[in-house]
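K.L.:
quick one, structure for this:
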Amino acid sequence: MEQRFDVFSKYLTVWVGAAMVLGAILGNIFPGLSNSLGNWQIANVSIPVAVVLLFMMYPIMLKIEFKEIVNVQKNSRPLLVTLVVNWSIKPFTMAFISWLFIKIFFNPLIPDGLANEYVAGMVLLGLAPCTAMVLVWTYLAKGNINYALVQVAINDLFILFLFAPMGKLLIGVSTGFPVPFSTIFWSVVFYVAIPLSLAILTRRLVVKRRGEKYLNENVIPKFDPFTKIGLLLTLVLVFMFQGKTIVDNPLHIVLIAIPLVIQTYLIFYIGYYAVKKLKIDYAEAAPSTFIGASNFFELSIAVALILFGMNSGAALATVVGVLVEVPVMLSLVAIMKNRKDSFDFSKGGGD
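P.N.:
Residues are numbered from 1 along each chain as shown. Coordinates of the predicted model:
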């Protein structure tokens, strides 16, 4: 079983591509089922996606050693990198790159009014650093899950205070810029609080009855494969919901995806060189580079729907953010894993 999943992990990118294609096909073959499942949501947070994400997040949360979280305060540099990149750099680079590509480079291909909406949607993505999926990328990269969880919690607090004023500044909405607290609340509940609570309960019960060694050697390894299965099921669902959108807007989806991919790699490498310059160990460096590159797309989509409507270019742009994120982030996970040895600064690590 373990060897079989080593092979599965080795070709995870292939399985991701297959899941995306399968989801898009199912969305077009069974549009009624797709619409029914897609409408089952709370505050724009999809319940079906929340269920499969619970399936994915629970094994990761089992690995969290809560006694280690208190040690985070002794090492604040990775958190500082995350906050500076996410709030002083990322929103502005996204605004510039989206304007440059959509309004200038692709101007002959996109009507001006629609281009403005695409830029607004992309800016919304740039304003929302990742809440849950960074834990998945950190797990796949074998980074410090404990530190990633703390980074997520603190970034969520910054979202509450900075999302609206920065949105008004960069999108040009003078009044009434919404901060859908219900979307943030339910996202945190479904993607973090519930799997974390179940993991805490599991750890306490297993350690009390069988000991911590049994937990680490028997329980956690059995659940490991479910994270990757949950990731694939999530992709099938997301692409199923967006299957018709993909088929109806192939050219514009590609045009939107190009600057989003460039932005993601740019933010990753800004974080990457920052953690290298500060000589931050790999375990904490990994989540610090991932959290800015990845996005809190539920929040972005919710605000796009409120401001611009269901069929707007802004809504489409935020959806494209979902479509490109997983394959791009998997490539960044591979980059970090391949360069892990360069973070051994005791041996003179460095690029």
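K.L.:
ranges for the strands of the stretch 151-300 of the chain?
P.N.:
When secondary structure is read from DSSP state E, counting those that start in this stretch, the stretch 151-300 of the chain shows no strands.
K.L.:
what ranges do the helices span in it?
P.N.:
181-188, 194-210, 212-214, 220-241, 243-248, 250-277, 282-293, 297-308 (DSSP state H, counting those that start in this stretch).
K.L.:
where are the low-confidence patches of the stretch 101-250 of the chain?
P.N.:
Within the stretch 101-250 of the chain, the ranges that satisfy pLDDT under 70 run 173-177, 179.
K.L.:
count the neighbours of the residue nearest to K279 when sequence neighbours are not counted for me.
P.N.:
Excluding the flanking residues, the one nearest K279 by CB to CB, 6 or more residues apart in numbering is F345, at 4.7 Å. In short, each C-beta sits where N, CA and C put it, glycine included. F345 has 13 neighbouring residues, counting by other CB atoms under 10 Å.
K.L.:
and what of P165?
P.N.:
11.
K.L.:
ok, the one 5 residues further on next?
P.N.:
Counted with other CB under 10 Å, the neighbours of L170 add up to 21.
K.L.:
ok, it - contacts?
P.N.:
Listed by CB atoms under 8 Å, 6 or more residues apart in numbering, the contact partners of L170 are 91-92, 95, 123, 126-127.
K.L.:
same list, those, but as CSV with neighbour count and distance to F297 please.
P.N.:
Shown next, in CSV, are those (neighbours: other CB atoms under 10 Å; distance: CB to CB, whole Å):
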residue, neighbour count, distance to F297
P91, 23, 15
F92, 15, 20
A95, 21, 17
V123, 27, 13
G126, 28, 11
L127, 27, 11
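K.L.:
what is the nearest of the residues you listed to V150?
P.N.:
Taking CB to CB as the measure, V150 sits nearest to L127 out of these, at 21.2 Å.
K.L.:
stretch 305-322: which residues count as buried?
P.N.:
By neighbour count on 16 or more other CB atoms under 10 Å, the buried set for stretch 305-322 is 305-308, 312-322.
K.L.:
neighbours of K277, just the number please.
P.N.:
By other CB under 10 Å, the residues close to K277 number 10.
K.L.:
quick one: pLDDT of it?
P.N.:
The model reports K277 with a pLDDT of 95.
K.L.:
and if you look at the one 4 residues further on?
P.N.:
For D281, the pLDDT comes out at 94.
K.L.:
hang on, isn't it packed against F343?
P.N.:
Yes - using CB atoms under 8 Å, D281 is in contact with F343, at 6.0 Å.
K.L.:
out of these two, which sits in the busier spot?
P.N.:
F343 (20 against 17).
K.L.:
against V84, how distant is the closest residue to that one other than its chain neighbours?
P.N.:
Nearest residue to F343 in three dimensions, chain neighbours excluded: Y282, at 3.7 Å (CB to CB, 6+ apart). To V84, Y282 is 20 Å away according to CB to CB, to the nearest Å.
K.L.:
swap in V206?
P.N.:
Taking CB to CB, one finds V206 at 39 Å from V84.
K.L.:
same check, this time on L332
P.N.:
Taken as CB to CB, the span from L332 to V84 is 19 Å.
K.L.:
do the same with K228
P.N.:
Computed as CB to CB, the K228 to V84 distance reads 32 Å.
K.L.:
cool, F185 as well?
P.N.:
Plainly put, F185 is 26 Å away from V84 if you go by CB to CB.
K.L.:
the closest residue to R77 other than its chain neighbours: how many residues sit nearby?
P.N.:
Counting by CB to CB, 6+ apart, R77 lies nearest to L278, which is 5.2 Å off, once chain neighbours are set aside. Applying other CB under 10 Å, we find 13 residues neighbouring L278.
K.L.:
doesn't T82 make contact with L278?
P.N.:
No - checked against CB under 8 Å, the pair L278 and T82 is beyond contact range at 11.9 Å.
K.L.:
circling back to that earlier point, buried deepest among the helices of the stretch 151-300 of the chain, which one?
P.N.:
helix 282-293 (a mean of 28; mean count of other CB atoms under 10 Å).
K.L.:
list the contacts of the residue nearest to I25 when sequence neighbours are not counted.
P.N.:
Nearest non-adjacent residue to I25, counting by CB to CB, 6+ apart: G243, 7.0 Å away. Residues near G243 by CB under 8 Å, 6+ apart: 23-28, 31, 34.
K.L.:
what's the closest of the residues you listed to Y58?
P.N.:
Checking the contacts of G243 one by one against Y58 (CB to CB), the nearest turns out to be G23, at 22.1 Å.
K.L.:
all helices of the stretch 1-150 of the chain, in order?
P.N.:
So, for the stretch 1-150 of the chain - with DSSP H, counting those that start in this stretch - the helices run 2-10, 12-29, 31-38, 47-62, 66-69, 77-84, 90-98, 112-126, 133-140, 145-171.
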